[in-house]
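Q: Provide a 3D model corresponding to the input given below.
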Amino acid sequence: MTRFSANLGFLWTQLSLPDAIRAAANAGFAAVECHWPYDTPSSDVYAALEQTRLPMLGLNTRRGNVAEGDNGVAAIIGREAEARQYIDESLQYASEIGCANVHVMAGFTDQGKASEATFINNLFYACTQARDADITILIEPLNHYDAPNYHLSTLDAALATIASVNQPNLKVMFDCYHLQIMQGNLTRRLRDNLDAIGHIQIAAVPDRSEPDAGELHYPNFLQAIDDMGWTGFIGAEYKPRTDTDAGLGWLASYGGQ
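A: Numbering: from 1, shown residues only. Predicted coordinates for the structure are as follows:
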């Protein structure tokens, strides 16, 4: 049976993070994940996770100065100290709540060699710091329609970065929404690189709504993922068309939890 994780960066956003965790449990999700939980005390999040018995699968490093357009800083030349501060913060928070993965956000760059070298160095630092806590570091390609000039936009680029860092706890966040827009051929790309994948996320393409419409037929794709032997969760990282509860029919129809 496919196990689904509720991404609380997009779902139940009107609730506090602890209450959103409880809502996810009540809706039948088997896990949760989030974006930037730092305004909520980790003790409150941990208490909600303990109460619901849901694992927290992932969180993101801070974006930086959002008002000035930042979307991560780990690949930005000259901001290495800031990047490592965010990495340290995220690893500490993840450790306090028992979170398995930290997504290190690269940011907007020229995609040049110097930016990539900065990213590699910061990721090596993150992997080294995360090792003792048994935390996996994730990197995620984002499509260039939603995030123009984001440092990573393809699976190939992410795999090249992973090869350069050469650390066993660095994996790819395989976001089907972003990768379908940029590259397509998702079943083959996932099957050929399954060992490098740390987490999978889904949403409708192209509107990023509930995964029950659009150009990707998720019932078939999810069956293909299961046939590959994937034992992890599938992250529901979509933007509800109306409100979260009204759009949850897909969860029961896919036979998951």
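Q: quick one: the helices in the stretch 151-257 of the chain?
A: Counting by DSSP state H, counting those that start in this stretch, the segments of the stretch 151-257 of the chain that form helices are 155-165, 176-182, 186-192, 218-227, 249-253.
Q: what about those helices, which gets the closest to residue 31?
A: Of all the helices of the stretch 151-257 of the chain, it is helix 249-253 that lies closest to residue 31, at 12.8 Å by CB to CB. Bear in mind the C-beta positions are built from the backbone N, C-alpha and C, glycine included.
Q: before we move on, the earlier item: adding mean neighbour count, distance to residue 243 and mean pLDDT, write the helices of the stretch 151-257 of the chain out as CSV.
A: Formatted as CSV, the helices of the stretch 151-257 of the chain follow (neighbours: other CB atoms under 10 Å; distance: least, CB to CB, whole Å; pLDDT from 0 to 100):
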stretch, mean neighbour count, distance to residue 243, mean pLDDT
helix 155-165, 18, 32, 98
helix 176-182, 23, 20, 98
helix 186-192, 16, 28, 98
helix 218-227, 16, 21, 96
helix 249-253, 14, 13, 93
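Q: give me the pLDDT for the residue nearest to the spatial centre of the chain.
A: Taking CA atoms, centre = their mean, the centroid of the chain lies closest to residue 173, which sits 5.6 Å from it. At residue 173, the model reports a pLDDT of 98.
Q: between the helices of the stretch 151-257 of the chain, which gets nearest to residue 16?
A: Ranking those by proximity to residue 16 (CB to CB) places helix 249-253 first, at 22.1 Å.
Q: give me the neighbour count for the closest residue to residue 13 other than its chain neighbours.
A: Of all residues not flanking residue 13 in the chain, residue 20 sits nearest, at 7.6 Å (CB to CB, 6 or more residues apart in numbering). Look at residue 20: counted by other CB atoms under 10 Å, it has 23 neighbours.
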